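Chemist: sequence first, predicted coordinates after that:
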Amino acid sequence: MLRIITQRSEAQTELRRICDRTHDDQVVHKEATVREVLQAVKRQGDRALLHYTEEFDGQLLKPEELRVSGSELDAAYQQVSKELLDAIRLACRNIESFHRQRVPKSWVQFGDHEVVLGKRYTPVDRAGLYVPGGRASYPSTVLMNAIPAKVAKVPQIVMVTPPGPNKAVNAAVLVAAQEAGVQEIYRVGGAQAIAALAYGTETIPKVDVITGPGNIYVTLAKKLVYGTVGIDSLAGPSEVLIIADSTANPAHVAADLLAQAEHDPLAAAILLTPDSGLARQVVAEVDKQLINHPRNLLTEKAIAHYGLVVIVDSLSTAAELSNEFAPEHLELEVADPWSLIEEIRHAGAIFLGCSTPEAVGDYLAGPNHTLPTSGSARYASALGVETFMKASSLIQYSPAALQQVASAIDLLAQAEGLPSHADSVRLRMQDMREEDLP
């Protein structure tokens, strides 16, 4: 059952506990296991991939079975309904349209004394996308990771995902990958898949950026290979925080909380409201909707450990508590969400109004659903086109422009004890003077 608390200090303590829910004593042991996997794949390539796929996923693969074949990709379209295909294509259009607005533009500025400055944005050569399996299939994760890479014009987009029973990959995942522009798909998951993308094997190419969520082993692997490759973020378990007033429908609020809790036993579902009546109604609705829930056990576990209802004295207090928590998903189920949003400083994605459940953003609104978790919305943003691009500064000085700043560079170089820095300018100035001699 959802707990109801009324004291702000207790609420702050509980919110900190929930935010820190992945910091357990087993992380050090798990990290040692991940290091072992990374090194094995780095040294042994495909042989290690096959070994760990059998050990962790229970699937015995041959090297030629790592890559999903063209015939499997074609067959996937026959296994999904026309209605699902239409929904995937609608999501593709919306997500692509949104991300096209976020492509950074290269620019050049011509200043005084023939100084040219600018910035040039270019995509990485290869992107590696991790799509989790396990408890469910996630075609939406495919779209949210692949489409920004496609919009960024990454030449090669590679996807890895764990094999299911009989070595199969979910048909909807395969269709989503093809619709989103993925060129290569490999049936391998876990830390070993991250290692393959980071270091390359005989079959899987080394990439420049790895994106996509996964379990703790995947997250630790991404953390350990960062520097060898770029990553999007270290995603933790998902979370929603809802601020609701008396205009909210308790059945809708309960469904939104459960929509988060059904992801994972570590998922967090939090309601902040100044309406004590609504709080009690939502608790009752959660219990009601859990009856005969298809994912009852894990959803109940999430609600029991990381579900919370806080009765606050005002919406402003709710906004303050939300900012302290910095939620991945924030729903403002209030009469005037645009007014309240002025008080919100930290959130991965904000859903405004009672007709905007988080599911809209999860699937097809357009903004990315790969978001900062565990309080990292204080400093981080959603995955986007810029994740797959990098910027090069452009600098050009004419001889006259260099002459204007030569003495300042000389002084700065001397202050840092770097004589060749000074010489690199001084020698050019000397050559200019000699050229000017009759």
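Modeler: Good, I have the coordinates. Numbering: from 1, shown residues only.
Chemist: give me the distance between the residue nearest the centre of the chain and V154.
Modeler: For the chain, the residue sitting closest to the mean C-alpha position, by Cα atoms, centre = their mean, is T370 at 3.5 Å. Remark: distance between T370 and V154 (Cβ to Cβ, to the nearest Å) = 16 Å. To be clear about C-beta, it is placed using only N, CA and C from the backbone, and glycine gets the same treatment.
Chemist: kindly report the same for K390.
Modeler: 11 Å.
Chemist: mind checking which of the two has more residues around it?
Modeler: Neighbour totals were compared for K390 and V154, and V154 leads with 24 against 14 (other Cβ atoms under 10 Å).
Chemist: element containing the more buried one?
Modeler: V154 is part of no helix or strand when elements are defined by DSSP states H and E.
Chemist: mind pulling up the pLDDT for N296?
Modeler: On pLDDT, N296 comes in at 88.
Chemist: tell me who's in contact with it.
Modeler: Residues near N296 by Cβ atoms under 8 Å, 6 or more residues apart in numbering: L290.
Chemist: gap between it and V151?
Modeler: N296 is 39 Å from V151, where distance means Cβ to Cβ.
Chemist: give the contact list for the nearest residue to L38 once chain neighbours are set aside.
Modeler: Among residues not flanking L38 along the chain, A195 sits closest, at 4.6 Å (Cβ to Cβ, 6 or more residues apart in numbering). A195 makes contact with 37-38, 40-42, 48, 221, 225 under the criterion Cβ under 8 Å, 6+ apart.
Chemist: which strand or helix spans A195?
Modeler: Per DSSP H and E, A195 falls inside helix 190-199.
Chemist: buried residues, stretch 328-340. List them.
Modeler: Residues of stretch 328-340 classed as buried: 328-334, 337, 340 (neighbour count, 16 or more other Cβ atoms under 10 Å).
Chemist: tabulate the CA atom coordinates of it in PDB.
Modeler: Extracted C-alpha coordinates of stretch 328-340, given in PDB (Å, rounded to 0.1, in the frame of the first residue of the first chain):
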ATOM      1  CA  GLU A 328      13.000  12.100 -14.200                       C
ATOM      2  CA  HIS A 329       9.300  12.600 -15.000                       C
ATOM      3  CA  LEU A 330       7.300  15.300 -13.500                       C
ATOM      4  CA  GLU A 331       3.500  15.500 -14.000                       C
ATOM      5  CA  LEU A 332       1.700  18.700 -13.100                       C
ATOM      6  CA  GLU A 333      -2.000  17.600 -12.700                       C
ATOM      7  CA  VAL A 334      -3.200  21.000 -11.500                       C
ATOM      8  CA  ALA A 335      -5.600  23.600 -12.700                       C
ATOM      9  CA  ASP A 336      -2.900  26.000 -13.900                       C
ATOM     10  CA  PRO A 337       0.200  24.000 -14.800                       C
ATOM     11  CA  TRP A 338       1.800  26.900 -16.700                       C
ATOM     12  CA  SER A 339       1.800  29.100 -13.600                       C
ATOM     13  CA  LEU A 340       3.300  26.300 -11.400                       C
END
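Chemist: thought S322 was touching L330?
Modeler: Yes. Counting by Cβ atoms under 8 Å, L330 is a contact partner of S322 at 6.2 Å.
Chemist: ok, back up a step: counting only helices, which of the buried residues of stretch 328-340 make the cut?
Modeler: Secondary structure defined by DSSP state H assigns 337, 340 of the buried residues of stretch 328-340 to helices.
Chemist: quick check: the farthest pair among the buried residues of stretch 328-340?
Modeler: Among the buried residues of stretch 328-340, the pair separated by the greatest distance (Cβ to Cβ) is E328 and V334, at 19.3 Å.
Chemist: all strands for the stretch 201-350 of the chain, in order.
Modeler: Under the criterion DSSP state E, counting those that start in this stretch, the stretch 201-350 of the chain contains strands at 209-211, 230-231, 239-244, 268-273, 307-311, 329-333, 349-352.
Chemist: what about the second one, distance to the chain center?
Modeler: In terms of Cα atoms, centre = their mean, to the nearest Å, the centre of strand 230-231 is found 11 Å from the chain centre.
Chemist: strand partners of that strand, parallel vs antiparallel please.
Modeler: Using DSSP bridges, the strands paired with strand 230-231 are strand 209-211 (parallel).
Chemist: returning to that earlier point: adding mean pLDDT, write the strands of the stretch 201-350 of the chain out as JSON lines.
Modeler: Below are the strands of the stretch 201-350 of the chain laid out as JSON lines (pLDDT from 0 to 100):
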{"stretch": "strand 209-211", "mean pLDDT": "98"}
{"stretch": "strand 230-231", "mean pLDDT": "98"}
{"stretch": "strand 239-244", "mean pLDDT": "98"}
{"stretch": "strand 268-273", "mean pLDDT": "98"}
{"stretch": "strand 307-311", "mean pLDDT": "98"}
{"stretch": "strand 329-333", "mean pLDDT": "98"}
{"stretch": "strand 349-352", "mean pLDDT": "98"}
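Chemist: show me whatever sits in contact with both of K390 and V154.
Modeler: With Cβ under 8 Å, 6+ apart, K390 and V154 have common neighbours V124.
Chemist: my guess is A235 meets S376, correct?
Modeler: No. Judged on Cβ under 8 Å, A235 makes no contact with S376 at a distance of 9.1 Å.
Chemist: so what sits against both of the two?
Modeler: Common neighbours of A235 and S376 (Cβ under 8 Å, 6+ apart) do not exist.
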